[in-house]
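1. what shape does this take:
(2 chains)
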Protein chains: 2
Amino acid sequence: MPFRSAPVKLIENWFSERYSDNLQLSFRVKDQLLSVRTDFQRIDLFETYDFGKLLTIDGTVQLTEYDEHIYHEMITMMPFYAFGIKPESALVIGGGDGGTASGLLSLGFRNVTNVEIDSQVVEVSKKFFPDLSSAFKDSRCNLIIDDGIKYVRNISNKFDFVLVDSTDPEGPAEGLFSEEFYKSIHGALKPGGVAVTQSGSPLYQPKAIKLANSGMKKAFRNVYTYCCFIPTYPSGFWSFTMGSDSDLRFQSNERSGKYFNSEILHGALNLPQFVRDMIK
Amino acid sequence: MPFRSAPVKLIENWFSERYSDNLQLSFRVKDQLLSVRTDFQRIDLFETYDFGKLLTIDGTVQLTEYDEHIYHEMITMMPFYAFGIKPESALVIGGGDGGTASGLLSLGFRNVTNVEIDSQVVEVSKKFFPDLSSAFKDSRCNLIIDDGIKYVRNISNKFDFVLVDSTDPEGPAEGLFSEEFYKSIHGALKPGGVAVTQSGSPLYQPKAIKLANSGMKKAFRNVYTYCCFIPTYPSGFWSFTMGSDSDLRFQSNERSGKYFNSEILHGALNLPQFVRDMIK
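-> Below you'll find the predicted structure:
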């Protein structure tokens, strides 16, 4: 975590995310719109040339206007259509930008509870990403500012779908990749409900995908990792891991997004050999 | 082509590839091993910290030791197993590093002809990438230094498999994405033979994937685009396009590589909606 809490410095109007000591991706920036230290993390916001607005937390890209749809479609639509989840009640842990909650509402969920630890992420998103954060103005969405790990411990048998939209398993988010946490989620789900978590870049963050798999397998009968391309995330190659006591039952009338479609519904579950080896 | 023929400059031991005026990926470099201007292009070779040796042509990453296997497995194994190609005679156009020809030999091809325009690419690979270029020491491989476009025009009914392992469709490689070229390849193939070309990043190089699809559709009855993750190529998301008058007939006894396996054989053909829209 070389950047945690350190101010993000622009060098000649370039913002760089260090993926390691030896690799970085750099975006040319028109303007820095915000830089704030909250109780939990540092939030920066840039207006870029090629990617629209770019939000970073502790110096790592969280989303850009150009490609946020890939992440948000894949964390919501993929489990929804793969398991045929009832669009009734969902819980989002993290996801303070609102993109995941908004995606759930557009899939028809009747009640979405969103537990985010840092109110300032919500405020920044409301101000700068009004479409993404539209769920927070919708009466079907209940926003709670709290620690998701504590929150989920006290809930039982309530949700059809729990989504963990977290940062990487370092520092405060480490508990979001623990076996105990996945067992709490299992308890918060109705029988046969579905959980999903982002599980990082298999190439550059093997810890996340390994922890998500080993932990979820202790809590759920069926666990599946799936992948997609996200060009502004480390390596461009991203994974999610979902678990349920139900079996996959692909819905045939799935809606397409800009990235997700009926081909991806099946294809994203087909993993490269090195990923298969990491999670077996 | 902002970098064509320009010397590659390191800034404080970082090599950067510019993907646009506003985006670049940078690798920390231990040493620059080579910088040479040939009759066709500029070749640079770096020893990096995280990716082993890194070869660039005109300032764009061609291969690194760390991830070249993904590109080479996907250009050879994917069409081979998807169409059940006979491992007899293959033609590689470009691919002067030898990785594609070596991959074909390991699949059991009896005769591989490799036509590369720039002898210096071959010499650099022989010296610095002895495993990758091992085909060039194998009696089953016939290396010809010539212009692949001219070469293929004069061949008919000779190959089971033609692979176009080219740079991007700018400057000298532009003809490698033309309808006329794909028709020449069709003529060089035995009836029902298979052609494949790398077709760039769907995100950052839409021209390549569009030209490959529209051109191949004029020459072949069946055309399929497939994708994979390559972290050191622009956006990390790469496409290949293959054509044949034969139908797909997936082989069930396919071998796994480090990336390719039986899941990828099927999954790589499942395309995101925005890619599907680009090539329809």
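2. okay, CA-based contacts and neighbour counts for the rest of this
-> OK.
3. how about the nearest residue to A:N261 once chain neighbours are set aside, what does it touch?
-> Closest residue in space to A:N261, ignoring its immediate chain neighbours: B:Q273 at 5.9 Å, by Cα to Cα, 6 or more residues apart in numbering or on different chains. Neighbour list for B:Q273: A:256-261 [criterion: Cα atoms under 8 Å, 6 or more residues apart in numbering or on different chains].
4. apply 7 Å and report the result again.
-> A:257-261 (Cα atoms under 7 Å, 6 or more residues apart in numbering or on different chains).
5. and these, which of them are buried?
-> Among those, those classed as buried by 16 or more other Cα atoms under 10 Å in any protein chain shown are A:257, A:259-261.
6. domains in chain A, by residue range?
-> Partitioning chain A according to automatic domain parsing yields domains covering residues A:14-64, A:68-279.
7. quick one: the shortest one to chain centroid distance?
-> This points to domain A:14-64. Relative to its chain's centre, domain A:14-64 lies at 17 Å (Cα atoms, centre = their mean, to the nearest Å).
8. again with stretch A:184-191
-> 19 Å.
9. again, but for stretch A:270-278
-> That offset, for stretch A:270-278, works out to 21 Å (Cα atoms, centre = their mean).
10. just give me the neighbour total for the closest residue to A:L265 other than its chain neighbours.
-> Setting aside the residues directly before and after it, A:L265 is nearest to A:M78 in space (Cα to Cα, 6+ apart), at 6.0 Å. Counted with other Cα atoms under 10 Å in any protein chain shown, the neighbours of A:M78 add up to 26.
11. repeat for A:L23
-> Residues near A:L23, counting by other Cα under 10 Å: 23.
12. circling back: could I get the domains of chain A as CSV with mean pLDDT?
-> Formatted as CSV, the domains of chain A follow (pLDDT from 0 to 100):
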stretch, mean pLDDT
domain A:14-64, 95
domain A:68-279, 96
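13. in a markdown table, list the ones you listed along with distance to B:T48.
-> Putting the domains of chain A into a markdown table (distance: least, Cα to Cα, whole Å) gives the following:
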| stretch | distance to B:T48 |
| --- | --- |
| domain A:14-64 | 8 |
| domain A:68-279 | 16 |
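14. how about the nearest residue to A:R110 once chain neighbours are set aside, what does it touch?
-> Leaving aside its sequence neighbours, A:R110 sits nearest to A:E88 (Cα to Cα, 6+ apart; 5.0 Å). The contact partners of A:E88, by Cα under 7 Å, 6+ apart, come to A:109-111, A:160.
15. what's the closest of these to B:V36?
-> Lowest distance from B:V36 to the contacts of A:E88 (Cα to Cα) belongs to A:F109, with 60.0 Å.
16. gap between the residue nearest to the spatial centre of chain A and A:A90?
-> In chain A, the centroid-proximal residue (Cα atoms, centre = their mean) is A:D165; its distance is 3.0 Å. Per Cα to Cα, to the nearest Å, A:D165 is found 13 Å from A:A90.
17. same check on A:K207?
-> 27 Å.
18. higher neighbour count, the two?
-> Using other Cα under 10 Å as the criterion, A:K207 and A:A90 rank with A:A90 on top: 28 against 18.
19. test my guess that that one contacts A:F159.
-> Yes. Between A:A90 and A:F159 there is a contact under Cα atoms under 7 Å: 5.4 Å.
20. please verify my assumption that A:F274 contacts B:Y259.
-> Yes. The criterion here is Cα under 7 Å, and A:F274 meets it with B:Y259 at 5.9 Å.
21. so what's in contact with those two at the same time?
-> Joint contacts of A:F274 and B:Y259 (Cα under 7 Å, 6+ apart) do not exist.
22. quick one: the strands in chain A?
-> A:14-20, A:23-37, A:42-48, A:53-57, A:60-64, A:89-94, A:111-116, A:141-145, A:159-165, A:189-198, A:222-229, A:237-244 (DSSP state E).
23. packing partners for the first one?
-> By that I understand strand A:14-20. Where contact means 3 or more Cα pairs under 7 Å, 6 or more residues apart in numbering or on different chains; DSSP states H and E, strand A:14-20 is packed against strand A:23-37.
24. and the longest one, by the same measure?
-> In terms of contacts (3+ Cα pairs under 7 Å, 6+ apart), strand A:23-37 is packed against strand A:14-20, strand A:42-48, strand B:23-37.
25. ok, 10 Å please
-> strand A:14-20, strand A:42-48, strand A:53-57, helix A:119-128, strand B:14-20, strand B:23-37 (3 or more Cα pairs under 10 Å, 6 or more residues apart in numbering or on different chains; DSSP states H and E).
26. likewise the last one?
-> Packed against strand A:237-244 by the contact rule (3+ Cα pairs under 10 Å, 6+ apart) you find helix A:68-83, strand A:159-165, helix A:179-188, strand A:189-198, helix A:206-219, strand A:222-229, strand B:222-229.
27. of all those, which one is nearest B:N22?
-> Among these, helix A:68-83 comes nearest to B:N22, with 18.3 Å by Cα to Cα.
28. next, the buried residues of the closest one.
-> A:68-83.
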